[in-house]
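> coords below, sequence missing:
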């Protein structure tokens, strides 16, 4: 009883589709959702049944819609982001520049560690990239570019006395002159 009713419904719908198709002028435009639904049902029916039933498109076209539906499901585009790593926040860049400017002997690792103590997880390579972009040299070069005038000006509050002298020291290579500059700090 149920099978006869289903067969009668299918026969009616197939006849209705043929009549509607004869009244349509031009090509029928389907949405992506419509193609997907027809492709999914067509895949379940199979190529032989589609050859008897399908009126909108050929069976190969309908099965192609199903293949596109499957390919779209597994293409991973929803998980995809833009290329590359996320940008470093402006506040972190400013902190890196400030730390490098105020602490001339700090290298990339030390600055990255100090930032980690402040809660910013950033690699030493990123610190180096930021410093290069802003024209700051690595720690040894920054350290060498400090003039004596800048050093004295920076530490003038701490200095109580300064002296410079030479000392002759006997080494395995012979008599060597050492130049000594020392500061007494408070």
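Now that the structure is in, tell me what you want to look at. Being a predicted model, the structure only gives us computed values, none of them experimental. Residues are numbered from 1 along each chain as shown.

> which stretches in the protein count as helices?
Counting by DSSP state H, the chain has these helices, from start to end: 2-23, 32-45, 47-53, 59-73, 90-102, 108-117, 124-133, 139-144, 148-155.

> buried residues in the fifth one, which are they?
This points to helix 90-102. Buried residues in helix 90-102, counted by 16 or more other Cβ atoms under 10 Å: 92-93, 95-97, 99-100. Bear in mind the C-beta positions are built from the backbone N, C-alpha and C, glycine included.

> for the fourth one, same thing?
Across helix 59-73, burial judged by 16+ other Cβ under 10 Å covers 59, 62-63, 65-66, 69.

> average pLDDT across it?
Taken as a whole, helix 59-73 has a mean pLDDT of 89.

> which residues touch that helix?
Defining contact as Cβ atoms under 8 Å, 6 or more residues apart in numbering, one finds that helix 59-73 is touched by 35-36, 38-40, 42-43, 47, 50-51, 54, 56.

> among these, which ones are buried?
The buried subset of the contacts of helix 59-73 - by 16+ other Cβ under 10 Å - is 35-36, 38-39, 42-43, 50, 54, 56.

> just these now: which is nearest residue 111?
Distance to residue 111, by Cβ to Cβ, is smallest for residue 36 among the buried ones among the contacts of helix 59-73, at 52.8 Å.

> quick check: pLDDT value at the closest one.
At residue 36, the pLDDT recorded in the model is 88.
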